[in-house]
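Asker: turn this into a structure:
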Amino acid sequence: MNQTGLPARRTAHYLLMEITGEGRLMAELIAGGALARLETDDRARAQRLATDALRGLDRADRMLKPYLKKTPPDHVMNALRLGVIELCGGEAAHGVVNAYVEIVARNKRTQAMKGLTNAVLRKIAAEGPEGWNKRAIPLTPGWLRQPLVAAWGRDAVEGMEAAHFAGAPLDLSAKGNAEAVAKALDGNLLSTGSVRLQNAGQVSTLRGYAEGDWWVQDAAAAIPVKLLGDVKGLRVLDLCAAPGGKAMQLAALGADVTAVDISEKRMERIAENLTRVGLTAACVVSDAFAFDQTGFDAILLDAPCSATGTIRRHPDLPYAKDGSEFGALIDQQEAMIDHALTLLKPGGRLVFCTCSLLPDEGEVQVEEALARHPDLRTEADALRINGIDADWITDEGGLRLRPDYWPDIGGMDGFYMAVLRKPA
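Answerer: Numbers count the residues shown, from 1 in each chain. Below is the predicted model of the structure:
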């Protein structure tokens, strides 16, 4: 790792600028090569620093506010935020302050504010971790927090924010014996069958990775497939299949799987993962609406959505988005449900799911699908699987999962899912 830490810090600053200023997602930036020029250790450090800053951004801003007469330009503000995260994380003040003063000074438009940067960060250093820890849990940006409070109430949203701030452990789905995987990795076997690791480290170096014994998949994301029960020998369509965890689950259970995704690059990744774990599926690159094979026994539709349920793992989401695209996503989900039903054989089952915390992308979608298709039925009994609290089953017959559930063991992603039975 570079001894000054400056390359990693500059890259973390660039990531923050692009996410908070340009609305770009972290994954998009990394895929585009934002970390490519860094040494391996610096890549990890830059990504971790930017992620920590996003996770604690509201708290960092509250720490900075008493020392700022007015909000400085974004270039300076993001340098200060990163400085707060490092100083309150126990990094030595001298190196941190000098690095962010240099980052501010390198920009011609803000170089006159290097003195301000130095003074403010010195004051933050005096507060240190003690000042950080006495601040409240960071709040979700208002554009998202307001509809969440309206849907779930203030107490529930505060629980979600605590889960988002804490981040997420690493969950795995086992190809075979989950108990054996948990034992081999010194992890915990969750009640739903996923394996949870609290301090995993580098995924590709973990025991069983090269052998294909498991794949990474949040415990909540692994539940939709479980709702189908025994799928051995059934023709099952995984529509919008990326990143591929559900296709691998289905294949491991003995289903005849067809995985469809619009992205050729994402489908290549799915195929690579299937090969690594020694499983097979028919991989089709296609727009979901253009795919017209019919007669499937079951379909799993993990529809494109706001992804607001994944903030504990992707804290950039509420800063890169503003909700303006949600209306189009909701319309697309509705159309996808209707199209998927045409691909099911009579009596077949459709599992509709979204990794969203917004009822318009979950409960409301199913209510409206039932209204459009009077013979369609939800199967609430299918939701009663190991690890599922009966209180999580909703009035229309779906399953609502939230980040504030399982608070003592690391939470879960926010998800909605329902099993819809097509009339025979």
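Asker: same for the helix or strand hosting Ile19, what does it pack against?
Answerer: Per DSSP states H and E: Ile19 is located in helix 6-22. When contacts are defined as 3 or more CB pairs under 8 Å, 6 or more residues apart in numbering; DSSP states H and E, helix 6-22 packs onto helix 26-31, helix 40-55, helix 74-88, helix 93-105, helix 317-320. From N, CA and C alone the C-beta is placed, and that goes for glycine too.
Asker: give me whichever of these is most buried.
Answerer: Stretch with highest mean neighbour count among these: helix 74-88 (a mean of 24; mean count of other CB atoms under 10 Å).
Asker: before we move on, back to that, reformat the helices and strands packed on helix 6-22 as JSON lines; add mean pLDDT and distance to Cys240.
Answerer: As requested, those are arranged in JSON lines below (pLDDT from 0 to 100; distance: least, CB to CB, whole Å):
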{"stretch": "helix 26-31", "mean pLDDT": "95", "distance to Cys240": "17"}
{"stretch": "helix 40-55", "mean pLDDT": "96", "distance to Cys240": "26"}
{"stretch": "helix 74-88", "mean pLDDT": "98", "distance to Cys240": "34"}
{"stretch": "helix 93-105", "mean pLDDT": "96", "distance to Cys240": "40"}
{"stretch": "helix 317-320", "mean pLDDT": "97", "distance to Cys240": "18"}
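Asker: so for Thr140, which of those sits nearest?
Answerer: Proximity to Thr140, assessed across the helices and strands packed on helix 6-22 by CB to CB, is greatest for helix 317-320 (5.7 Å).
Asker: check which helices and strands that closest one is in contact with.
Answerer: On a contact count with 3+ CB pairs under 8 Å, 6+ apart, helix 317-320 meets helix 6-22.
Asker: any chance you could list what contacts the helix it packs on?
Answerer: 1-2, 24-26, 29, 34-35, 37-39, 42-43, 45-47, 49-50, 53-54, 57, 74-75, 78-79, 81-82, 99-100, 102-103, 316, 319-320 (CB atoms under 8 Å, 6 or more residues apart in numbering).
Asker: report the angle between it and helix 40-55.
Answerer: On the basis of axes from the mean of the first three to the mean of the last three CA atoms, to 10 degrees, helix 6-22 is oriented at 40 degrees to helix 40-55.
Asker: in helix 6-22, what's buried?
Answerer: Across helix 6-22, burial judged by 16 or more other CB atoms under 10 Å covers 6-20.
Asker: so where's this protein shaky on pLDDT?
Answerer: Applying pLDDT under 70 to the chain flags the ranges 1-4.
Asker: and it, what are its domain boundaries?
Answerer: 6-133, 223-421 (automatic domain parsing).
Asker: so where do the helices sit in the stretch 101-250 of the chain?
Answerer: Taking DSSP state H, counting those that start in this stretch as the test, the helices found in the stretch 101-250 of the chain are 114-133, 142-152, 154-166, 178-184, 223-226, 245-252.
Asker: in the fourth one, what's buried?
Answerer: In terms of neighbour count (16+ other CB under 10 Å), helix 178-184 has its buried residues at 178, 181-182, 184.
Asker: just name the closest of the residues you listed to Trp215, please.
Answerer: Nearest to Trp215 among these: Val181, at 10.6 Å, using CB to CB.
Asker: check contacts around the residue nearest to Ala307 when sequence neighbours are not counted.
Answerer: Among residues not flanking Ala307 along the chain, Cys355 sits closest, at 5.5 Å (CB to CB, 6 or more residues apart in numbering). Listed by CB under 8 Å, 6+ apart, the contact partners of Cys355 are 220-221, 302, 305, 307-310, 413-415.
Asker: and these, which is closest to Ser173?
Answerer: Among the contacts of Cys355, Ala221 lies closest to Ser173 (CB to CB), at 8.7 Å.
Asker: pull the longest strand from this protein.
Answerer: For the chain, the longest strand by residue count, based on DSSP state E, is strand 344-354.
Asker: pull the residues that contact it.
Answerer: Residues outside strand 344-354 that contact it (CB under 8 Å, 6+ apart): 224-225, 227-228, 294-303, 305-306, 309, 333, 337, 340-341, 361-362, 365-366, 369, 379, 382, 415-424.
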